[in-house]
Structure formats: C-alpha cells, structure tokens
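[1] sharing a sequence plus its predicted fold:
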Amino acid sequence: MMKQPAAPAPDTANLKAAAITSVTMLFYASNDMTCKMVMARLPVPETLAFRNGLTVLGTAAIAGPSALREIATLSRRDAKALLARTSCDITLTTCFLISLAELPLANAAAVLQIVPLI
C-alpha cells in the first residue's frame, strides 16, 4: 500500500495576516457605524471632536513615549512630510465624516473600498 503524501501545512504567516486584516476591517466598520449613529444626534463638528479625542487617547496609550522619541529624532524634511501627511489625513477624515452624515453607511463604505483601486 502506498501512502498518500501529507497535505502541506498552512502558511501561518498568511493566516495571521488574514486574521489581523479581518479584525481591522471589523474595527473600521464598527467605527463608521458608531459615527453614523452619533451623527444622527450630534452635529458633525462635535462628533469629530469626540472621535478625534478618543483616537488621540487610544494612540497615546498604544504608542506611548516611544512615539514622541521617534518624532523628536525626525529630520526637518521628514517632519515637514509628516506634517503634510497628517494635515491631509485630518482633511480627508473630516470630509469623509461629513459625507458619512449624508450618505447611507453602505455607500460610504463602498467608496472607501474602491478609492485605493482608482
């Protein structure tokens, strides 16, 4: 009797990456849904202030002092690039949340999914 070759072991790095991506997408969807529900009761500027305040606190809790050390070591050119990227990120987040207040959640999520492909 011939033995059949064993099935190859699954690539654990790919499985881990897929799991992390799935959890991240769950957080994005939950964040958008929560913002949509809050914006039904509060104006967009208040929602932005609350959401961004929580984001800053969460990022500070995760990154802590190491992020401040990294920022302090940036060259002038890199600091300008970081400032420009951060400004663009703030502007795009504000525009997205304003549109989220007006659009159905599914349409806003579809726009976010297609933008990287354009």
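    Received it, and whenever you're ready, just let me know what you need.
[2] all helices of the protein, in order?
    Taking DSSP state H as the criterion, the chain contains helices spanning 12-39, 44-63, 65-72, 76-102, 105-114.
[3] so which of those helices gets nearest residue 4?
    Taking Cβ to Cβ, helix 12-39 is the member of those nearest to residue 4, at 23.1 Å. In this view, the C-beta of every residue, glycine as well, is placed from N, C-alpha and C.
[4] can you check what angle separates that closest one from helix 76-102?
    Orientation of helix 12-39 against helix 76-102 (axes from the mean of the first three to the mean of the last three Cα atoms, to 10 degrees) gives an angle of 60 degrees.
[5] just checking, what packs against helix 12-39?
    In terms of contacts (3 or more Cβ pairs under 8 Å, 6 or more residues apart in numbering; DSSP states H and E), helix 12-39 is packed against helix 44-63, helix 76-102, helix 105-114.
[6] please list all residues in contact with the residue most central in space within the chain.
    In the chain, the centroid-proximal residue (Cα atoms, centre = their mean) is residue 28; its distance is 6.0 Å. The neighbourhood of residue 28, defined by Cβ atoms under 8 Å, 6 or more residues apart in numbering, consists of residue 112.
[7] what do you get for the one 5 residues further on?
    Applying Cβ under 8 Å, 6+ apart, we find residue 33 in contact with residue 105.
[8] separation between it and residue 66?
    Distance, residue 33 to residue 66, using Cβ to Cβ, to the nearest Å: 31 Å.
[9] picking that back up, of the helices of the chain, which is nearest residue 3?
    Set against residue 3 and scored by Cβ to Cβ, those come closest in helix 12-39, at 24.9 Å.
[10] these two touch, right, residue 35 and residue 52?
    No. When contacts are counted by Cβ atoms under 8 Å, residue 35 is not listed as touching residue 52 (11.0 Å).
[11] so for these two, which residue has more residues nearby?
    residue 35 (22 against 14; other Cβ atoms under 10 Å).
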